[in-house]
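**Student:** what follows is a predicted structure for the sequence shown.
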Amino acid sequence: MKYGREILERALISKGYKYFINGDYNLNIIGIRNSKTENMVTNRFDDTITLSYKINGEWQYHEFDCTTDPGTHWVKNVMNDKGVAILKPGQYPKSYRIGKHQGKYEALCQQNPVTVYRDNNRDDIYNLNTEKTDTGLFGINIHRATKKAGNKSTNIDKWSAGCQVIASNDDWTKFIKICKKAKDTWSNNFTYTLITSNETNKTKTWI
């Protein structure tokens, strides 16, 4: 475990974000971008997505290796004239719903606007320039990398052009199963919060 539920709860509350505590399967989906990489394009799954929620009043907590950044391929081969999309940290209420990623498999698909940085210089540094942000519907989904059960992707490559992508297929299976249970318990609306690891009391080791 790299962070822990209580650390993330404190981090969100300190920023004035909502942290859901009422009822079972009221999901807190929190991404943590690895600050130790210093915005270098590592092309590795060196970030973390977490789930915090209750079952019968008892807290449950999971961490999954992921990327919150685009991979080298799309940094070098941008699809948008404004530049590759890098999700800006923030809380995005009801921004996601369970749908089909690229029409292929169930994932959390963007349904409301999010804000992204636009990096268009194709170098090895993510340029997080607040003057170059873009807000809208860009298909910044939360999905998996490898489709093979038991496998875990190591390089991002084409897996992300800005999406939040879980590296391990087994982790993804657990993640989407919990999200589907939350949908059945609440509704098909999910809030996603992205913070940086330097906003917590612990940081993830840079692999």
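**Tutor:** Ah, there it is. Residues are numbered from 1 along each chain as shown.
**Student:** the lengthiest strand in the chain pairs with which strands, and in what direction?
**Tutor:** In the chain, taking DSSP state E as the definition, the longest strand is strand 90-101. The pairing partners recorded for strand 90-101 under DSSP bridges are strand 105-110 (antiparallel), strand 190-196 (antiparallel).
**Student:** what's next to that strand, contact-wise?
**Tutor:** 12, 15, 17-18, 29, 106-115, 141-143, 176, 179-180, 183, 188-194 (Cβ atoms under 8 Å, 6 or more residues apart in numbering). For glycine as for every other residue, the C-beta is placed from the backbone atoms N, C-alpha and C.
**Student:** pretty sure residue 36 sits against residue 47.
**Tutor:** No: between residue 36 and residue 47 there is no contact under Cβ atoms under 8 Å: 10.7 Å.
**Student:** got the CA coordinates for the longest helix anywhere in the chain in PDB?
**Tutor:** What stands out as the longest helix in the chain, according to DSSP state H, is helix 169-185. Provided in PDB are the C-alpha atoms of helix 169-185 (Å, rounded to 0.1, in the frame of the first residue of the first chain):
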ATOM      1  CA  ASN A 169      -6.200  -6.800 -16.200                       C
ATOM      2  CA  ASP A 170      -7.000  -8.500 -12.900                       C
ATOM      3  CA  ASP A 171      -7.000  -5.100 -11.200                       C
ATOM      4  CA  TRP A 172      -9.300  -3.700 -13.900                       C
ATOM      5  CA  THR A 173     -11.700  -6.600 -13.400                       C
ATOM      6  CA  LYS A 174     -11.900  -5.800  -9.700                       C
ATOM      7  CA  PHE A 175     -12.300  -2.100 -10.400                       C
ATOM      8  CA  ILE A 176     -15.100  -2.300 -12.900                       C
ATOM      9  CA  LYS A 177     -16.900  -5.000 -10.800                       C
ATOM     10  CA  ILE A 178     -17.000  -2.600  -7.800                       C
ATOM     11  CA  CYS A 179     -18.100   0.300 -10.100                       C
ATOM     12  CA  LYS A 180     -21.000  -1.800 -11.400                       C
ATOM     13  CA  LYS A 181     -22.100  -2.600  -7.900                       C
ATOM     14  CA  ALA A 182     -22.000   1.100  -7.100                       C
ATOM     15  CA  LYS A 183     -24.100   1.800 -10.200                       C
ATOM     16  CA  ASP A 184     -26.700  -0.700  -9.000                       C
ATOM     17  CA  THR A 185     -26.700   0.800  -5.500                       C
END
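**Student:** now the strands for this protein?
**Tutor:** Using DSSP E, strands in the chain cover 28-33, 47-55, 58-67, 84-87, 90-101, 105-110, 114-119, 133-136, 142-144, 164-166, 190-196.
**Student:** would you mind measuring from the residue nearest in space to the middle of the chain to residue 119?
**Tutor:** With distances taken as Cα atoms, centre = their mean, the chain has residue 164 as the residue nearest its mean C-alpha position (3.9 Å). Going from residue 164 to residue 119 by Cβ to Cβ, to the nearest Å gives 17 Å.
**Student:** same check, this time on residue 8
**Tutor:** For residue 8, the distance to residue 119 - Cβ to Cβ - is 27 Å.
**Student:** ok, now residue 142?
**Tutor:** 20 Å.
**Student:** cool, and residue 38?
**Tutor:** Here residue 38 is placed at a distance of 15 Å from residue 119 (Cβ to Cβ).
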